[in-house]
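>>> Fold the following for me, if possible:
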Amino acid sequence: MSSTGALLPAWGHHVEAEFLFVALYFLAFALGLAASIPLSRRIAHRWNERYPWATANGIAAAALLCLAAASPPASPLWRLPCLAALGLSCGLFFHMLMPALGPTYAFYPAAAVNLAGASFVLGSALLALLVAGTFYVYTVPSILVFLALVPGFFAGKCLLRPAEPAILPGFVASRFSWTRTWADLRSPAAVLFALVLLFQTGNEWTIAGWLPLYLVQRLGVSPASGLLLLALYWAAVLVGRALTQFLLDRLPHGRILAGSLFMALLGTLALATTRHPAGAGVALVLVGLGFAAVYPLVMESIGRRFAAVHPGVFSGVFLLAVFGGLLAPFTVGLMAHRWGMGVLPVIPLAGTVMVGLLVLAIRLEALLTGEAVAG
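Predicted coordinates:
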């Protein structure tokens, strides 16, 4: 998803304004992510540990190479299956990451999710900087081929590892209660948490996916400057994750979450009203700092309320919520096709308000049912 947002100006969509095609990009990525849920079960149960990692890296490398071949002047329709494959690889990565985080997540869930997310944010920021720095120097296919070398290297490294008989522990159909799990996932709290993940995913990936085009179309910045501001947004998220890590043991988690949502709300309002690149930069810093703490603290609450849910089941539910959240940037594309790029801030602004209301509903539900509430 972050690669799509960074590559949109490089593919010339800031000039042609083919927002409907861009909307289909996000839909294709989301469909690939959803397809990873049943596929991950099959490969994890049938193969030893090195093959699922090699498969995910190999699919990512192949998808990036296909995107390089499908770059302009090729039709945008050729990029759709490539982006679906990229979403598939991202979903497989997440399914394997959750079991790997298992012991750390059980001990300190907010910190585990926070540190894991920091690596994704750092990679997104570096990608935006790479495309911005080479925008007028290298072609899009050369950048994508360079990016494909990274997962290709790790795919080869995984295949060369000695064979290990144990399959991924997070996907083993171990002795846990399906009855208890199904009851947990049907509870009002599970629905509320899933909605929080859905809206927050929509907030973050709408900004990350559409920001460069919005800045070029609405504020008149150059594509390279738009990508630099995208990198600034990711840098703010990274700083926010570090600040959240510092505050986890020093402030009640509920207060951190409330302050983060208030800051994100201010940032999205500023982004919707500013008409200057400097104002957009300040708004993006507020949005990034505000969004940074939401995922770790929500995931911590989920881990506390649904400790009996199996990691494989939990990762599938999370990816379904992420799939729903990806419909937000898809919706922005449909709205922009009809009314223009000025509609972009509407989705994260409304989504942030919904996240705040859902968090209040979760706290009220916990008080009514006698569950513990953090902060």
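>>> how about P141, what does it touch?
Listed by Cβ atoms under 8 Å, 6 or more residues apart in numbering, the contact set of P141 reads A68, A69, S71. Bear in mind the C-beta positions are built from the backbone N, C-alpha and C, glycine included.
>>> any chance you could map the helices in the stretch 151-300 of the chain?
Along the stretch 151-300 of the chain, the stretches classed as helices by DSSP state H, counting those that start in this stretch are 178-185, 188-214, 223-247, 253-273, 277-292, 294-305.
>>> Test my guess that L230 contacts T4.
No - L230 is not in contact with T4 according to Cβ atoms under 8 Å; the separation is 11.5 Å.
>>> between the two, which one's more packed in?
The residue with more neighbours, out of L230 and T4, is L230; 29 against 23, by other Cβ atoms under 10 Å.
>>> In which helix or strand does the closest residue to that one other than its chain neighbours reside?
Spatial nearest neighbour of L230, excluding adjacent residues (Cβ to Cβ, 6 or more residues apart in numbering): A128 at 4.5 Å. Assessed by DSSP states H and E, A128 sits inside helix 109-133.
>>> Put the alpha carbons of stretch 78-97 into PDB.
Backbone C-alpha positions of stretch 78-97 (Å, rounded to 0.1, in the frame of the first residue of the first chain) are rendered in PDB as follows:
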ATOM      1  CA  TRP A  78      -1.900  -4.500 -16.400                       C
ATOM      2  CA  ARG A  79      -0.900  -3.200 -12.900                       C
ATOM      3  CA  LEU A  80      -4.000  -4.600 -11.200                       C
ATOM      4  CA  PRO A  81      -2.900  -8.300 -11.000                       C
ATOM      5  CA  CYS A  82       0.500  -7.200 -10.000                       C
ATOM      6  CA  LEU A  83      -0.900  -5.200  -7.100                       C
ATOM      7  CA  ALA A  84      -3.100  -8.100  -6.100                       C
ATOM      8  CA  ALA A  85       0.000 -10.300  -5.900                       C
ATOM      9  CA  LEU A  86       1.700  -7.600  -3.800                       C
ATOM     10  CA  GLY A  87      -1.300  -7.600  -1.400                       C
ATOM     11  CA  LEU A  88      -1.100 -11.400  -1.300                       C
ATOM     12  CA  SER A  89       2.500 -11.300  -0.200                       C
ATOM     13  CA  CYS A  90       1.800  -8.700   2.400                       C
ATOM     14  CA  GLY A  91      -1.000 -10.800   3.900                       C
ATOM     15  CA  LEU A  92       1.300 -13.800   4.000                       C
ATOM     16  CA  PHE A  93       3.900 -11.800   5.800                       C
ATOM     17  CA  PHE A  94       1.400 -10.700   8.500                       C
ATOM     18  CA  HIS A  95       0.200 -14.300   9.000                       C
ATOM     19  CA  MET A  96       3.800 -15.300   9.800                       C
ATOM     20  CA  LEU A  97       4.600 -12.300  11.800                       C
END
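>>> Next, the buried residues of it.
79-80, 82-97 (16 or more other Cβ atoms under 10 Å).
>>> Likewise for stretch 213-228?
Neighbour-count burial for stretch 213-228, with 16+ other Cβ under 10 Å as criterion, is recorded at 213-219, 221-228.
>>> and the residue nearest to L326 when sequence neighbours are not counted, how far is that from I256?
Distances taken as Cβ to Cβ, 6+ apart put A30 closest to L326, at 3.7 Å, once the chain neighbours are dropped. For A30, the distance to I256 (Cβ to Cβ, to the nearest Å) stands at 30 Å.
>>> Which one of the two is surrounded by more residues?
More crowded of A30 and I256, by other Cβ under 10 Å: A30, with 25 against 22.
>>> Much appreciated, bye for now.
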